[in-house]
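Chemist: Starting from these lines, generate the structure:
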Amino acid sequence: MKPADGNIIVVKSKAFAIRCVRLRKYLLAEDLSRQLLRSGTSIGANVKEAIRGQTRPDFGSKMNTALKEASESEYWIELLQETEYISWEQGDSLLADCRELIKLLTSIVKSTFNPTTA
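Modeler: Residues are numbered from 1 along each chain as shown. A predicted model of the protein is given here:
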């Protein structure tokens, strides 16, 4: 998947948010799905905001917030799997996307705050 604007994290975070929104329509676990919807859509919103950051620390802070939201999303997906609100197959697919975002965001955050070690 090649992003139109050349930024893979923007494309992948938005695609993950769309998956979370679509999943929300079918879940019976109202509170759990609301939490996943909130954290899952927040990733891309923070990424977009980071891109418009005024300074390097501003950019890094927003990307770090996106990373924390991705980690929270991972937790909610695991919880939905373990409580059988979603199948292991559904959860594994979502987790794969979420964990890819976590890896990308971790790399971005590390290189932003410590460019010599990334």
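Chemist: I'd like the distance between Glu69 and Phe16.
Modeler: To Phe16, Glu69 is 10 Å away according to CB to CB, to the nearest Å. All C-beta spots, glycine's among them, are computed from the backbone N, C-alpha and C.
Chemist: Please, where are all the helices along this protein?
Modeler: 8-24, 30-51, 56-82, 88-113 (DSSP state H).
Chemist: coming back round to it: quick check: neighbours shared by Glu69 and Phe16?
Modeler: Residues touching both Glu69 and Phe16 by CB atoms under 8 Å, 6 or more residues apart in numbering: Gly40, Ile43.
Chemist: Could you count how many residues lie near the residue lying closest to Ser42 once chain neighbours are set aside?
Modeler: Distance criterion CB to CB, 6 or more residues apart in numbering; nearest residue to Ser42, sequence neighbours excluded, is Glu69 at 4.3 Å. For Glu69, the neighbour count with other CB atoms under 10 Å is 23.
Chemist: per-residue confidence at Ser33?
Modeler: With respect to pLDDT, Ser33 scores 88.
Chemist: so it makes contact with Val21?
Modeler: No - assessed by CB atoms under 8 Å, Ser33 is found out of contact with Val21, at 10.2 Å.
Chemist: neighbours around Pro57, how many?
Modeler: Neighbours of Pro57 using other CB under 10 Å come to 11.
Chemist: same check, this time on Glu74
Modeler: 19.
Chemist: List the residues that contact Ser61.
Modeler: Ala50, Gly53.
Chemist: any idea how far it lies from Leu80?
Modeler: 29 Å.
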